[in-house]
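Peer 1: Build me a model from this:
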Amino acid sequence: MTAPISATPSVSFEFFPPKTEKMEQSLWQSIRRLAPLAPSFVSVTYGAGGSTRERTHATVCRIQAEAGIPAAAHFTCVGATRDEIDSIARTYWDAGIRHLVALRGDPPETAGGVGGTYEPFPGGYAYAADLVAGMKRIADFEISVAAYPESHPEAPSAQFDLDNLKRKVDAGATRAITQFFFDNDAYFRFLDRCAAAGIHVPIVPGILPITNFARAVEFAGKCGAAMPAKLASTFEDLDADPETRQLVAATVAAEQCQALQAQGIKDFHFYTLNRSDLTTAICRMLGVKAKAAAVVPAPVAG
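Peer 2: Below is the predicted model of the structure:
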């Protein structure tokens, strides 16, 4: 028997830093639309190998200053020494950023990028648990880390991956956000394993609305997320019908979230891909409505 749904869930959103002026306009259009939903925070990613560090920093600080939303910066171990990372963390703290998302990070393109061989950077933080501990020494940051319900694709075993999450939590992480998944049962089995391992921080489900099924399949393959056959059937032949595909995508993600919500899940993290349409619709179906009109400045041209 499922638990009654009694409370409006808490939501958070992930964006990536824009590369062009057009992408910046799209990002801020999304922020303007999603800000009234009063997210608990929004996060801004790093590119592979730390390649978007400066743009991430600028985007995070601007969201925090101008959009009135708590912003979290992604941090990785890749491509920088401890001193360099510590300096950036102090700059964030001085700018009022109190939340970091601490990740090992993907190898740089010179090492094969996503799926390549990871090697700790000389003089840097070796792994995410080391990064968490280092950031907690800098200041009392709130720190989110990654969790993998179906195990990290590079982990030699599910137990190894769970032990790694435990190390991150023991180092000071206050929350784990999962890699996206489409199998809710896998998520609930993972919660049981976390509890048995003594991991008691919130494990927030990461939700990926499917804007492009072929790309979602590619993402899932790289991160080890199972793609149910039913989804393939549902999205079959919709590439030429974007309006129907949009409706189906919102329905599929909303039904996944509602099923999680019915089992007592109260927090959701959405991988927005810098788009607001699907996320807004899904939040609406979860009972998350605009609190007030948000005033978010338009991007500065040039």
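Peer 1: What segments of the stretch 51-200 of the chain are helices?
Peer 2: Under the criterion DSSP state H, counting those that start in this stretch, the stretch 51-200 of the chain contains helices at 53-62, 82-94, 128-138, 158-170, 184-196.
Peer 1: taking the ones you listed together, which one is wrapped up most tightly?
Peer 2: Between the helices of the stretch 51-200 of the chain, helix 128-138 has the highest mean count of neighbours, a mean of 21, where neighbours are mean count of other CB atoms under 10 Å. (Each C-beta comes from the backbone N, C-alpha and C, glycine too.)
Peer 1: low-confidence ranges in the stretch 151-300 of the chain?
Peer 2: 292-300 (pLDDT under 70).
Peer 1: Against residue 277, how distant is the spatially closest residue to residue 244 that is not a sequence neighbour?
Peer 2: Nearest residue to residue 244, sequence neighbours excluded (CB to CB, 6 or more residues apart in numbering): residue 238, at 5.9 Å. As defined by CB to CB, to the nearest Å, residue 238 lies at a distance of 16 Å from residue 277.
Peer 1: The spatially most central residue of the chain sits in which helix or strand?
Peer 2: What sits nearest the mean C-alpha location of the chain, by CA atoms, centre = their mean, is residue 14, with 5.1 Å. Residue 14 is located in strand 10-15, with elements delineated by DSSP states H and E.
Peer 1: ok, then the element right after that strand?
Peer 2: Following strand 10-15 in sequence order, the next helix or strand is helix 21-34 (DSSP H and E).
Peer 1: can you give me the mean pLDDT across that following helix?
Peer 2: Across helix 21-34, the average pLDDT comes to 91.
Peer 1: Identify the residues contacting residue 271.
Peer 2: 14, 180, 206-209 (CB atoms under 8 Å, 6 or more residues apart in numbering).
Peer 1: Report the beta-bridge partners for it.
Peer 2: With DSSP bridges as the criterion, the beta-bridge partners of residue 271 are residue 14.
Peer 1: Roughly how far does it sit from residue 223?
Peer 2: As for residue 271, its distance to residue 223 is 11 Å (criterion: CB to CB).
Peer 1: buried stuff in the longest helix seen in the chain?
Peer 2: In the chain, with assignment by DSSP state H, the single longest helix is helix 242-262. Neighbour counts over helix 242-262 (16 or more other CB atoms under 10 Å) mark 245-246, 248-250, 252-254, 256-258, 260-261 as buried.
Peer 1: Convert the C-alpha atoms of that helix to CSV, please.
Peer 2: Below are the C-alpha coordinates for helix 242-262, written out as CSV (Å, rounded to 0.1, in the frame of the first residue of the first chain):
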residue,chain,number,x,y,z
PRO,A,242,7.9,16.8,-31.8
GLU,A,243,4.6,18.1,-30.3
THR,A,244,3.4,14.6,-29.4
ARG,A,245,7.0,13.7,-28.2
GLN,A,246,6.9,16.7,-25.9
LEU,A,247,3.6,15.6,-24.3
VAL,A,248,4.8,12.0,-24.0
ALA,A,249,8.1,13.1,-22.4
ALA,A,250,6.3,15.2,-19.8
THR,A,251,3.9,12.4,-19.0
VAL,A,252,6.6,9.8,-18.7
ALA,A,253,8.7,11.8,-16.3
ALA,A,254,5.7,13.0,-14.3
GLU,A,255,4.5,9.5,-13.8
GLN,A,256,8.0,8.4,-12.7
CYS,A,257,8.1,11.2,-10.1
GLN,A,258,4.5,10.6,-9.0
ALA,A,259,5.4,6.9,-8.4
LEU,A,260,8.4,8.0,-6.3
GLN,A,261,6.3,10.6,-4.5
ALA,A,262,3.7,7.9,-3.6
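Peer 1: Fine by me, thanks again.
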